[in-house]
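Trainee: here is a sequence with its predicted model. Questions after.
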Amino acid sequence: MNYLTHLQCSHCGRTHSAEQLIRLCPDCGYPLLAQYDLEKAAAEIDRDELARRPATMWRFRELLPVRDSRYIVTLGEGGTPVLKLNRLGEKLGLKHLYLKDEGQNPTGSFKALGLAAAVSRALELGAHAFVIPTAGNAGGALAAYAARAGAEAHVYMPKDAPLINITEVQMTGADLHLVNGLINDAGREAARDAEAGGWFDVSTLKEPYRVEGKKIMGYELAMAFGWELPDVIIYPTGGGTGLIGMWKAFAEMERLGWIGKQRPRMVAAQSAGCAPIVKAFHEGWEEAKPWPNATTLAGGLRVPVAIGSRLMLRALRESGGTAVAVLDSHILDAQQLLASHEGIFVSLEAAATVAALQELTTSGWIQPDERVLIFNTGSGLKYRLLLT
C-alpha cells in the first residue's frame, strides 16, 4: 500500500519503528516525522498517473502512512482547487495571485486532511478511542472521522470557541468538554483525562501522522502548478502543522524527482494578539516562547505555544521567508476585501494571509511579477455566528 519505513525524531534524529502506536520521541520529547523509501517510490510511481486517480488526498496513498486500505477512513477530503485571484491581484498590483481553498474540505476546513490520516493510521495500529484539544475545527474533524469509523472521540475546546464548532461535535455524539481558558489549557485537561481513560491523543504534532495528511496540500499545489512551485506561500500559522507538512512535502517531491530545488519563500501569518512565531523569527530564536495573554478573534491563531515552533522557524529561514503579525481589525477588513473582490468567504485565520499580503506588497517584499499563493484553511461560514 505504501513506502513507509520508519519514524525519525525531528530534533535528536533517532529512529523508531512505525509499527507502534507512538506519540512524541521517547528520547527527547520532540515531534516524530514519518519517513518513506523515496528511491523505491520514485522508480515505481508514475507521477503523471496520479492526476487520473480520484481527486482526494488518497490519490497519494503510497506516500501516506496507512498500509492496509481497509483502515482508510475518508469523507472525500483533499482535491481542493487552486483559484486565480484576478480582481484582488489587480487591486494589489500582483499579476499572479492564487488561493488554495481548503474550506471546501469535509467539515469545512483543512483539519480534515490531518485527522483523516491520523485516525486511519491509529486505527490500523490498534487505537479505538481518541482525544484532542482544539480551538474548534480540529475537534469537529476528529468527531466526524471518529463517527465515520465507529470510534470514540473526546474533544476539549475553549468555552468561547465558535458555536458552529461546538454544534458539529455535539451532532456526532462525541464527548465534548468546554474548558475555561485557551487551547493550551484544554491540552492539559485532555492529556490528564487521556492517561486515565487510555485514549490516544492526536494533539497537533504530538503524534506523527496529522502532519502527513497536511503535507498533501504541498503535493496538490505542486500538481496544480504543473509540478513547479510558486515564488511565495503565505500561510495562517497557529500550531503550524500545515506549514511543516508542506515543507516536508517539497523535500519528498525533490527526492522523488517530481520537482527541482526551487522553493517558495514561506510566510507565517499570525495575529498581533498572539504572534509567538513572528517574535521568535525576528528575534533570531531557534524556538518560540509562550505568548502571554493571547487574544484574537481568529481562534485557530490563538495558540500561545506550539511544540512545532522549531520546525516552523527552520522552514521560514531555509526558504528565505518571513513572519508577519496583523491586527484583528485588519483581518476583518481583509476578510471582506477578499469576499467582495472574489466571492470567497474565508475563515478569519485565512483572512490574516490577505492582511499579511497587503503589508508585504506595500513594502516591496513581494514583487508584482511573482507567483503568490495564499491559503484558505476554512470556510468563513463557520465563523458567522462569532461575528454577529
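Mentor: Okay, I see it.
Trainee: just give the nearest non-adjacent residue to the residue nearest in space to the middle of the chain, would you?
Mentor: Closest to where the C-alpha atoms of the chain average out (CA atoms, centre = their mean) is residue 242, at 2.9 Å. Distances taken as CB to CB, 6 or more residues apart in numbering put residue 214 closest to residue 242, at 4.6 Å, once the chain neighbours are dropped. Every C-beta, even on glycine, is put in place using the N, C-alpha and C of the backbone.
Trainee: so which elements touch the helix or strand harbouring that neighbour?
Mentor: Residue 214 is part of helix 210-224, with elements assigned from DSSP states H and E. Using 3 or more CB pairs under 8 Å, 6 or more residues apart in numbering; DSSP states H and E, the elements in contact with helix 210-224 are strand 32-36, strand 82-84, strand 96-101, helix 111-124, helix 241-256.
Trainee: next, the buried residues of the very next helix or strand once past it.
Mentor: The first helix or strand that comes after helix 210-224 along the chain, using DSSP H and E, is strand 232-236. Residues of strand 232-236 classed as buried: 232, 233, 234, 235, 236 (neighbour count, 16 or more other CB atoms under 10 Å).
Trainee: what lies in contact with the helix or strand hosting residue 157?
Mentor: If you go by DSSP H and E, residue 157 is part of strand 152-158. Strand 152-158 is contacted by residues 128-136, 139, 142-143, 146-147, 165-166, 169, 172, 174-183, 185-187, 189-190, 193-194, 197, 199, 299 when judged by CB atoms under 8 Å, 6 or more residues apart in numbering.
Trainee: before we move on, what about stretch 139-150?
Mentor: Contact with stretch 139-150 is made by 73-75, 106-109, 111-112, 114-116, 119, 123, 130, 132, 134, 152-153, 155-157, 161, 165, 168-169, 172-174, 176, 202, as judged by CB under 8 Å, 6+ apart.
Trainee: try stretch 24-38
Mentor: Residues contacting stretch 24-38 (CB under 8 Å, 6+ apart): 2-12, 14-16, 18, 22-23, 63, 65, 205-209, 211-212, 248, 252, 255-256, 307-308, 310-311.
Trainee: swap in stretch 42-56?
Mentor: Identification of contacts with stretch 42-56 by CB under 8 Å, 6+ apart yields 59-60, 62, 74, 76-79, 223, 227, 255-258.
Trainee: ok, the one helix or strand residue 130 maps to: who's next to it in the sheet?
Mentor: Assigned by DSSP H and E, residue 130 belongs to strand 129-133. Here strand 129-133 has these sheet partners by DSSP bridges: strand 152-158 (parallel), strand 200-201 (parallel).
Trainee: report the buried residues of the helix or strand just after it.
Mentor: The helix or strand immediately downstream of strand 129-133 is helix 137-149, counting by DSSP H and E. Within helix 137-149, the residues that qualify as buried by neighbour count (16+ other CB under 10 Å) are 137, 138, 139, 140, 141, 142, 143, 144, 145, 146, 147, 149.
Trainee: what angle do helix 137-149 and helix 111-124 make?
Mentor: Helix 137-149 and helix 111-124 are oriented at 50 degrees to each other (axes from the mean of the first three to the mean of the last three CA atoms, to 10 degrees).
Trainee: C-alpha coordinates for helix 137-149, PDB please?
Mentor: Extracted C-alpha coordinates of helix 137-149, given in PDB (Å, rounded to 0.1, in the frame of the first residue of the first chain):
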ATOM      1  CA  ASN A 137     -12.100  23.000  13.700                       C
ATOM      2  CA  ALA A 138      -9.800  20.100  14.600                       C
ATOM      3  CA  GLY A 139     -12.300  19.000  17.200                       C
ATOM      4  CA  GLY A 140     -15.000  19.000  14.600                       C
ATOM      5  CA  ALA A 141     -12.900  17.000  12.200                       C
ATOM      6  CA  LEU A 142     -11.900  14.400  14.800                       C
ATOM      7  CA  ALA A 143     -15.500  14.000  15.900                       C
ATOM      8  CA  ALA A 144     -16.600  13.400  12.300                       C
ATOM      9  CA  TYR A 145     -13.900  10.900  11.400                       C
ATOM     10  CA  ALA A 146     -14.300   9.000  14.600                       C
ATOM     11  CA  ALA A 147     -18.000   8.800  14.000                       C
ATOM     12  CA  ARG A 148     -17.300   7.600  10.500                       C
ATOM     13  CA  ALA A 149     -15.100   4.900  11.900                       C
END
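Trainee: got the angle for that helix vs helix 241-256?
Mentor: On the basis of the same axes, to 10 degrees, helix 137-149 is oriented at 70 degrees to helix 241-256.
Trainee: avg pLDDT for helix 137-149?
Mentor: Averaged across helix 137-149, pLDDT comes to 97.
Trainee: using CSV, lay out the buried residues of strand 232-236 together with distance to residue 96.
Mentor: Below are the buried residues of strand 232-236 laid out as CSV (distance: CB to CB, whole Å):
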residue, distance to residue 96
232, 10
233, 13
234, 14
235, 18
236, 21
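Trainee: right, and the pair among these with maximum separation?
Mentor: By the measure CB to CB, 232 and 236 form the most distant pair in the buried residues of strand 232-236, at 14.4 Å.
Trainee: and the next helix or strand past the strand holding residue 157?
Mentor: Next element after strand 152-158 (DSSP H and E): helix 163-172.
Trainee: list of residues touching the helix or strand following that following helix?
Mentor: Following helix 163-172 in sequence order, the next helix or strand is strand 175-179 (DSSP H and E). For strand 175-179, the external contacting residues (CB under 8 Å, 6+ apart) are 139, 152-159, 161, 166, 169-170, 185-186, 189-190, 193.
Trainee: which of the residues you listed count as buried?
Mentor: Buried members of the contacts of strand 175-179, counted by 16+ other CB under 10 Å: 139, 152-158, 161, 166, 169, 186, 189-190, 193.
Trainee: just name the lowest-scoring one in those residues, pLDDT-wise.
Mentor: Across the buried ones among the contacts of strand 175-179, the smallest pLDDT goes to residue 161, namely 88.
Trainee: brilliant, that's me finished.
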